[in-house]
Every structure is written in C-alpha cells, then in structure tokens.
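# Here's a sequence, model it:
(chains A, B, C and D)
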2 protein chains.
Amino acid sequence: MPTIKDVALAAGCSTATVSRALANPEKVSEATRLRVASAIDEVGYAPNVAARNLRRAESRTIVTLLPDISNPFFSEIINGMEEVAHQAGYQVLIGDCERDPARAEAYFNLLPTNQADGIILLTADIPRGLVRHADARADAPLVMACEFFSDVDLPTVTIDNYQATAHAIEYLVSLGHARIAAISGPVDNPICRERTRGYRDALTAGGLSSSAHVMEGDFGFRSGYQQGLALLDGADRPSAIFCHSDEMAIGVLKAARQLGIRVPEALSVVGFDNIGFSEYCEPELTTVSQPRHEIGQQAMHTLLNLLAGEAVVRRQTLSTQLIVRKSTGRPAA
Amino acid sequence: MPTIKDVALAAGCSTATVSRALANPEKVSEATRLRVASAIDEVGYAPNVAARNLRRAESRTIVTLLPDISNPFFSEIINGMEEVAHQAGYQVLIGDCERDPARAEAYFNLLPTNQADGIILLTADIPRGLVRHADARADAPLVMACEFFSDVDLPTVTIDNYQATAHAIEYLVSLGHARIAAISGPVDNPICRERTRGYRDALTAGGLSSSAHVMEGDFGFRSGYQQGLALLDGADRPSAIFCHSDEMAIGVLKAARQLGIRVPEALSVVGFDNIGFSEYCEPELTTVSQPRHEIGQQAMHTLLNLLAGEAVVRRQTLSTQLIVRKSTGRPAA
DNA sequence: CTGAAAGCGCTTACAG
DNA sequence: CTGAAAGCGCTTACAG
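Presented below is the predicted three-dimensional model:
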C-alpha cells in the first residue's frame, strides 16, 4: 500500500505538506494542493487510519450497546445515530449484549484500549460497576438513550414514559374500559417502573385503581403470549391489556385468538414502539410511537458534543404519539 | 493513560519484555511474567490497540454489509458471525447499506485505510465495480453469505435456493394446488432467480407449468401486501402463493384478510426465512427455514481462514427445512 | 530469557 | 506557505 511518503515524493513536497493538504487545505497554497491531489490519485493513496488515530489519540468510533439486536425497535434508532456520526466522520460499532455481562464488559473495554471514543447505551441492563467505572474515568463520554439508570446520572435522551403510558390508559378509560391489565417489561427496569407509575396513576385518576393488575414480561413475543394466556384464561378477565412492547402485544393477540376472544370486540390491546410489524398483525395494533430516528440523532449529537468538550442538555425528552389502529375499541356491553 | 513504558518501569524490565509477556508468555520466565502481571494491575494498564494494529498492520475488524438492518432475518446470522469473530479476537462492524451505493463505498473504503481486514457481504446489491476492485487487490478477503453474485466469484456460504423452493412447491402440489403463484424478491437478485427456477421446474414436474405466475416484490411487508392484493383481487386467483420472504408472506396474509379470503381454507401461503414473527402472525406461517446462525459462523470461519492464508471451501451449501404450520392446507374443492 | 533499537504511518508544534 | 524532526505506543528481528 502506498503511504504518505509516496505521495510526497510524487508531489515533490514533504509529508507534512501532504498531511496538511488533506487535513487543513486552507493552510496550503492552491498550486500545492493541486499537485498533492493528483499525486494521491497517481499513487492510489489512502491514509492509514490506524496511524492517524494513534497520533491523534482518538478512534473516531462510537459504540452503541443494545440488549438484543433482533428487536427491530432498535434499527431506526441506529439509523439516526449513524446519520449523525457519519456526517461527523465517526463510525458506529453495534454491540449486542444479549444480557451477558461478559459481552458488555468486552465492549466497555474498547474505551481504555483506544478503540472507541464513547458509548451510547440503549439498555440499562448493564453491570452497574462497569458503567460507574467508565463514567468515573471521564475521558470517554457515556450517553444513555431510551432507557436510563435510576442510580447513575448520565446525559439521557428519552421519551416521557410516565406521560405516554398515562395517555394510553386515559384513552382506554375514555373508551369505557374498567378492567385494564398491563404486561410490563422487566420490573426492575426504570422505564418499566415509570410506565407502571403512569398506568397506576391514570387508573386512579379514572377511579379504577382497584383494577390495576401488572404481569411481568421481557419485551419479547413469547412472554406476551404466555402472560396473555394467564391473564385471559381466568374467570374475570380484563377487557383491555396495555403492553410495554409491540412484540408482547402481538403475543397477547395470539393468546386471545387461541382462546377465541375477539379483538377488539371482546378485548382491547395496546402496544408500545410502533415497530413495522404492528401494521401487519391481525388486527392492526394500536400503539405508542416513539420518535426513534430522532432519539438516535439526538443521542449521537449529545455524545459528539461531549467529545468536543461542549456543554450538553443532560435530559432530553422527546414527544410520543398514540397511534390508534384496530386493536382497541369500546368494551362489550 | 498508562502505557507499556509505565508497566516496564514498574516491573523493572524493558517494554519489549512486557510486550512479550502479553503476546508470547511462553517466551518469558515465570518470575518475569508474574512481575509484569502485577505491574499491569498496579498501574492500570490497557494496551493501545491502535498502536498495536499500526505495528502489526491489521485491524482485527471484520465488516459485514447488510441491505437493511431492520430486517430481523439478519440478526441471527450476525450472532453467528460475532461468536466466531470474538473468539478469534476480532470485532464485527455492521454496515447497513440501505441500497445506497455511497454507503457501500464508505464501508469498502475501510479496507485500504486499514480499518478493516475483510468484508462479509450479506447482499448482492452492491456496485459491482467496488467488489471487483476490492477483490482484485487481494490483500483483504471478501466472503459472500446468503446471496451470491452471478458474475464475481467469491467464496460463498448459502443454502440451495433452487432445491429449497422446489421442495416447498412440491409440497403445495402434493396438497392438490394447481394454481400456485409466487412473489419474488428483486428479480435481478441471483437468489431470487434460483428460487424462481426451482418454482418453475417444480411446477413443470407437477404438470402445472402453465400456472406459473411470478410477481416482483422487495422482501418487505408492504410489497407483499400490494402484490398480494393484485394477485388476489382478480377473477381466477391462485389457490396458493409462495413468497421469497416471511415479511412478504405476512403482507399477503393481510391482503387476504382484507379481501375476506380465508387462509388456509381458500388460500395457502408459504414464506421464506422463518423469522420470529412467523410464529405470531395469523395464521402461523408455513415457511422455509435457513440455518442462520450456522451461515454466520461458516461465513466468518471462511473469512478468518482466508486471512490466515489457509485454503477454504469456495462453496458451502447448508441445508434448509420446510416448516409446516397453519397457513397451508388442501385447496377448496 | 532479555534489552536496545528501529520502525509502523501518520500529525503537529516549531522555525523559517 | 513549507520542511525537518519529534513522537504517538506498540512489536519484533537482532544480538547477547
């Protein structure tokens, strides 16, 4: 591979000048710039980024940690992050943690080894010690998106989970539902707690506090299906179920079908996230939409600003939207 | 950050010895190894990987290029790749190309700039010039998985698309279907051509060649829905539709529902890929399952072997399975 | 088994 | 506007 030396030779200048022509073209004369450009073409030069990174003590790589890459919820967030990152000359490394602390640790280890300049966490399911330790070093910024820690204070980009949930529940109450159950994500997850608070408060506000009934799931299809069966198989079943993810809501739809319970006639179901599939299930799902692309963009902007030493808003709250489709309606008389 | 010099100082040896203790512990005495180990702990040393990579002229990074990260089909393949890569000390950079040649080019550019050691392509939708150029340089290996090029000969890990499709069609024929349509992915995609060949040949073998009817989709929900409507809205509609992806099959399910056509009573639908969702749609989808995890593992193994200068099998064909669920049945009498 | 030294390919004060 | 030189943090023949 040709190096910067070859270019300097071909252009009849020093390597310093070639380097400047590339990084600070305004510091180089027009004529030199042109000679360097054609020399680069001539020898087929591409800068060795490892060498540049070593010299500049940066990697231009941002890691984003996900709980599960197979969840389509994250793809649009990643697109938003990449858009901003690429534009700033950074690349993003996607780290799938799969609830495995060893995996998370391996990704955090990219920081001290100079392979990553910062991390965006899309999950709170990370060993707290890792986060605290990395945060304390303070030479590599950490940003949280979608989720948050209750006990570590990182710059965060989220929606208002409390409000979004309360709004969905109010909608169900307004339809006339009096028995509204919920299937939560992991109950120790802070966003699930927020949602459950919103759920309870909205029920109370509607005079329905005694109907509160929360089951725990894990955001996946299967847990929605299983908890749906449990919820619907009993004697006095709910007339509506609010789920913390679309996948779980779709699992509930399957459970209802299996038990011969018609949606929305005999059961209303609300999901969360508005994944692509929510428009193609039967019936189409009413769900809470998060501005995923924007969450990704903002999170990356925040991280890059931190890297640039600029001040950032520590809590950004983006707005959600309740998308009413066909899985909700008035309860049977 | 402490460097190898700090460790050498603390251990009372040279940096060369520290380096060896890390990379080739067997070349260092027990006592030294121990002193180095505790010195590393003491000073909190983590090697600067950019420096190491520069020196070794490698990046220990493999890029994988996808057509669309939001398609859950790829996640299990990625898991397989990461498993093998991490074990060998490599990391995987996921490149979402989104049918944008500029994106693909940016990822290919990681090769000459020493940011990646090789690329695994999970899509054939890449400007041919890029691939040819990268392949010609021959210092960074390219491996193809799932798809393949008809005109560039890369080591490839695939299934037998012809056979898998023929088998699915034979199954529909054996059920008694005489009008079997298909919704293909992009028709210029080699795997879609293979599948269409398998489809036609199986129809011919069943004495049904005149029923062949192929519509073009793009693998996504929406195109399946639209082509499904087109196929089902006419006078003499098919009694079965074979789709090149589960998402399109699920789109067809929606189209049928909308037209009041019952599945499987009045229409049989077969998908391809066995994504998680195929078990949660209504009805559960009959589909062709690919060994996704294994495809990912094999593709990465192949690439790492190439990197190590070892000989590799240039075409690996893994087996598929027709998973019969509830979206297929005998046609109405 | 160990160390001195060169060098990987860049960038960047410094001097002119 | 340009160049000589130092140095980023490693690794690895080479010599002992």
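
# looking at this, residue A:181 is in a helix?
No - read with DSSP: H, G, I helix; E, B strand; the rest coil, residue A:181 is strand and lies in no helix.

# what about it, neighbour count?
The tally of other residues near residue A:181 (other CB atoms under 10 Å in any protein chain shown) stands at 23. All C-beta spots, glycine's among them, are computed from the backbone N, C-alpha and C.

# Residue A:195: what's it in contact with?
A:161, A:162, A:164, A:165, A:182, A:184, A:244, A:272 (CB atoms under 8 Å, 6 or more residues apart in numbering or on different chains).

# mind checking the SS state of the second one?
What it means is residue A:162. helix.

# so what's it closest to, chain neighbours aside?
residue A:198 (4.1 Å; CB to CB, 6 or more residues apart in numbering or on different chains).

# Give me the pLDDT for that neighbour.
On pLDDT, residue A:198 comes in at 97.

# hmm, back to that, name the nearest of the contacts of residue A:195 relative to DNA strand C.
Nearest to DNA strand C among the contacts of residue A:195: residue A:161, at 42.1 Å, using CB to the nearest atom of the strand.

# Quick check: residue A:84 touching residue A:297?
Yes - using CB atoms under 8 Å, residue A:84 is in contact with residue A:297, at 5.1 Å.

# Those residues of chain A touching DNA strand D, which are they?
Counting by CB under 7 Å from any atom of the strand, the positions of chain A adjacent to DNA strand D are A:12-17, A:20, A:26-29, A:31-32, A:51, A:54-55, A:57.

# Of the residues you listed, just the buried ones, PyMOL syntax please.
Entered in PyMOL, the line below selects the buried ones among the residues of chain A next to DNA strand D, by 16 or more other CB atoms under 10 Å in any protein chain shown:
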select buried, chain A and resi 13+17+20+28+32+51+54
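
# near DNA strand C, from the residues of chain A next to DNA strand D?
Okay, of the residues of chain A next to DNA strand D touching DNA strand C (CB under 7 Å from any atom of the strand), that's A:15, A:16, A:20, A:51, A:54, A:55.

# Could you work out the most separated pair of these?
A:20 and A:54 (18.5 Å; CB to CB).

# Just the strands from the stretch 201-333 of chain A, written as ranges.
A:213-216, A:240-243, A:268-273, A:286-289, A:315-318, A:321-323 (DSSP state E, counting those that start in this stretch).

# what's the closest of the ones you listed to residue A:64?
Per CB to CB, nearest to residue A:64 of the strands of the stretch 201-333 of chain A: strand A:315-318, 16.6 Å.

# Extract the C-alpha trace of the closest one and format it as PDB.
In PDB, the C-alpha atoms belonging to strand A:315-318 read as follows (Å, rounded to 0.1, in the frame of the first residue of the first chain):
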ATOM      1  CA  ARG A 315     -32.000  15.300  29.900                       C
ATOM      2  CA  GLN A 316     -33.800  15.500  26.600                       C
ATOM      3  CA  THR A 317     -37.300  14.300  26.500                       C
ATOM      4  CA  LEU A 318     -38.800  13.700  23.100                       C
END
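
# Please produce CSV containing the contacts of residue A:195, extended by pLDDT and neighbour count.
Listed next are the contacts of residue A:195 as CSV, based on pLDDT from 0 to 100; neighbours: other CB atoms under 10 Å in any protein chain shown:
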residue, pLDDT, neighbour count
A:161, 98, 26
A:162, 98, 18
A:164, 98, 21
A:165, 98, 28
A:182, 98, 29
A:184, 98, 25
A:244, 98, 30
A:272, 98, 30
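
# With distance to residue B:80 added, can I get those in JSON lines?
Output for the contacts of residue A:195, formatted as JSON lines (distance: CB to CB, whole Å):
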{"residue": "A:161", "distance to residue B:80": "34"}
{"residue": "A:162", "distance to residue B:80": "39"}
{"residue": "A:164", "distance to residue B:80": "36"}
{"residue": "A:165", "distance to residue B:80": "37"}
{"residue": "A:182", "distance to residue B:80": "36"}
{"residue": "A:184", "distance to residue B:80": "31"}
{"residue": "A:244", "distance to residue B:80": "29"}
{"residue": "A:272", "distance to residue B:80": "30"}
